[in-house]
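> Dropping the sequence and predicted coords here.
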Amino acid sequence: MHACDVARVQGLGAGKVMVAMKRVAIEGLVDPIDVQTHKRLLDVLVAAGTPVLMACGGKGLCATCHVYVQAGAEHLSPRTPREQLALRMLSDKRPSSRLACQAKVSGDGVIVGLPGGRYLTATKDLESLVGRRAEERVLHPVDGRVLIEAGKIITRSRIRELSQVDVDLAEMRTRSLSMG
Ligand code: FES
């Protein structure tokens, strides 16, 4: 076990199990997060309270857990075939892109950044914003492309144009259920 692990072993009381931890930092977050060795980056995002949509329930089928790995990529498990496929759909993919639900943490020093914007969960979520400017960009829930740029007025006709998003989301959920 690495010396850093010993310093962050949890639950050493009677009857407790020793758990090795790894430290991950999220850009913009002051405190790093400790996660059990071989846990997913997604567990780090959830523990940090980031608004990750996880539209496919962590099965590597959507892009809503997309992150950029700024450092420590060598301390993550290699990309799975399913991840490689899902990443291909992303419009804002970079060489550092990973799906947090597929990447497992094996060492300290991983730093991740989150793509800017919020993922749309259903077009009806935009109804209350009709006539207002989008405060941040709105992203497609499956492929991560930008649907509405920050600062643009959200109109009812624009929401109608986006109705395919609900279909895409429903299809992806069905696919995710059938893949178990
Ligand atoms: S939660 Fe869907 S790909 Fe990670």
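Cool, got the structure.
> In contact with the residue nearest the centre of the chain: list those residues for me.
The chain has Cys65 as the residue nearest its centroid, 1.9 Å off, counting by CA atoms, centre = their mean. Listed by CB atoms under 8 Å, 6 or more residues apart in numbering, the contact set of Cys65 reads Leu41, Leu42, Leu45, Val52, Leu53, Met54, Gly58, Leu99, Ala100, Cys101. (C-beta placed from N, C-alpha, C; glycine too.)
> Leaving aside the residues adjacent along the chain, what's closest to it?
Counting by CB to CB, 6 or more residues apart in numbering, Ala100 is the residue found nearest to Cys65 once chain neighbours are left out, at 4.0 Å.
> isn't the one you found right up against Val44?
Yes. With contact defined as CB atoms under 8 Å, Ala100 counts as touching Val44 (7.4 Å).
> which one of these two has more residues nearby?
Val44 (27 against 24; other CB atoms under 10 Å).
> What pLDDT does the model give that one?
Note on Val44: pLDDT of 96.
> Could you tell me whether it really is in a helix?
Yes. Under DSSP: H, G, I helix; E, B strand; the rest coil, Val44 falls within a helix.
> Was I right to think it contacts Cys101?
No. Using CB under 8 Å as the test, Val44 is too far from Cys101 to be in contact (11.1 Å).
> Farthest pair within the contacts of Cys65?
Pairwise distances across the contacts of Cys65 (CB to CB) peak at 14.8 Å, for the pair Leu41 and Leu53.
> okay, these two: which has more neighbours?
With neighbours defined as other CB under 10 Å, Leu41 and Leu53 compare such that Leu41 has more, 27 against 16.
> Just give the closest residue to the more buried one, not the sequence neighbours.
Ala100 (3.8 Å).
> Ramachandran angles for that neighbour?
In terms of degrees, to the nearest 10, the main-chain angles of Ala100 are phi -60, psi -30.
> Please list all residues in contact with it.
Taking CB under 8 Å, 6+ apart as the test, what Ala100 contacts is Arg40, Leu41, Leu42, Val44, Leu45, Val52, Cys65, His66, Val67, Val112.
> just to revisit the earlier point, now the contacts of Cys65 as TSV including distance to the ligand?
Formatted as TSV, the contacts of Cys65 follow (distance: CB to the nearest ligand atom, whole Å):
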residue	distance to the ligand
Leu41	9
Leu42	6
Leu45	10
Val52	7
Leu53	7
Met54	4
Gly58	5
Leu99	5
Ala100	6
Cys101	3
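> one step back: quick one: least confident of the contacts of Ala100?
Val52 (86).
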